[in-house]
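A.B. asks: Turn this into a structure:
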Amino acid sequence: MDSQRLLIIANKTCPCPTLIDEIVNRAGSGGEVRIVAPALNSRLRHYVSDVDDSIADAESRLAEAVDALAEAGVEGAGIVGDADPLTAIEDELASYDAHEILISTHPPGESNWLAADLVERARERFEVPVLHMESEYGLVR
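C.D. replies: Residues are numbered from 1 along each chain as shown. Below is the predicted model of the structure:
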């Protein structure tokens, strides 16, 4: 497989080992990866501009994911993005020419992103192919 430039959108499913494996398989030799974790927050915390904990949590998950990619031989960068995942994708595509977008969510019934039709909305909005992967990593039950 030729090297690919992948844009990954993940929140609590980052750094899922299955997601890392999928990224490594899709990136190919010499591929580049940008993982964006939207800084999600409760409505109250957002309202009072208390985003520090959500940013720190996202940064921690991203660091783990980037380290796992490096161990697998794939160059990656982790970025905390806008709380709206569509805006986070759009922001990143403005400076990163991705070949594919991979959205990682929890399963139906557990994912706010799926409930909001994020995957379909991204497919309609962006010209880059949008793939979807479900993961139970980070799911609190």
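A.B. asks: for the protein, what spans make up the helices?
C.D. replies: 17-27, 43-47, 52-71, 85-93, 112-115, 118-125 (DSSP state H).
A.B. asks: and the shortest one, how far from the chain's centre?
C.D. replies: Its chain's C-alpha centre lies 14 Å from the corresponding centre of helix 112-115 when counted by CA atoms, centre = their mean, to the nearest Å.
A.B. asks: for that helix, which positions count as buried?
C.D. replies: For helix 112-115, the neighbour count (16 or more other CB atoms under 10 Å) marks Trp113, Leu114 as buried. In short, each C-beta sits where N, CA and C put it, glycine included.
A.B. asks: sorry, back to before: can you add mean pLDDT and distance to Ile8 and give the helices of the chain back as TSV?
C.D. replies: Formatted as TSV, the helices of the chain follow (pLDDT from 0 to 100; distance: least, CB to CB, whole Å):
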stretch	mean pLDDT	distance to Ile8
helix 17-27	90	6
helix 43-47	42	23
helix 52-71	85	8
helix 85-93	95	10
helix 112-115	92	13
helix 118-125	97	12
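A.B. asks: With distance to Leu131 added, can I get the ones you listed in a markdown table?
C.D. replies: What follows is the helices of the chain, written out as a markdown table (distance: least, CB to CB, whole Å):
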| stretch | distance to Leu131 |
| --- | --- |
| helix 17-27 | 8 |
| helix 43-47 | 29 |
| helix 52-71 | 17 |
| helix 85-93 | 13 |
| helix 112-115 | 14 |
| helix 118-125 | 9 |
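A.B. asks: For Leu102, which of those helices is the nearest?
C.D. replies: Closest to Leu102 of these is helix 17-27 (CB to CB; 7.1 Å).
A.B. asks: what helices or strands is the closest one leaning on?
C.D. replies: strand 5-9, strand 32-38, helix 52-71, strand 100-105, strand 130-134 (3 or more CB pairs under 8 Å, 6 or more residues apart in numbering; DSSP states H and E).
A.B. asks: Return the angle between stretch directions for the third one and helix 17-27.
C.D. replies: In this structure, helix 52-71 runs at an angle of 50 degrees to helix 17-27, with axes from the mean of the first three to the mean of the last three CA atoms, to 10 degrees as the basis.
A.B. asks: I am finished for the moment; much appreciated.
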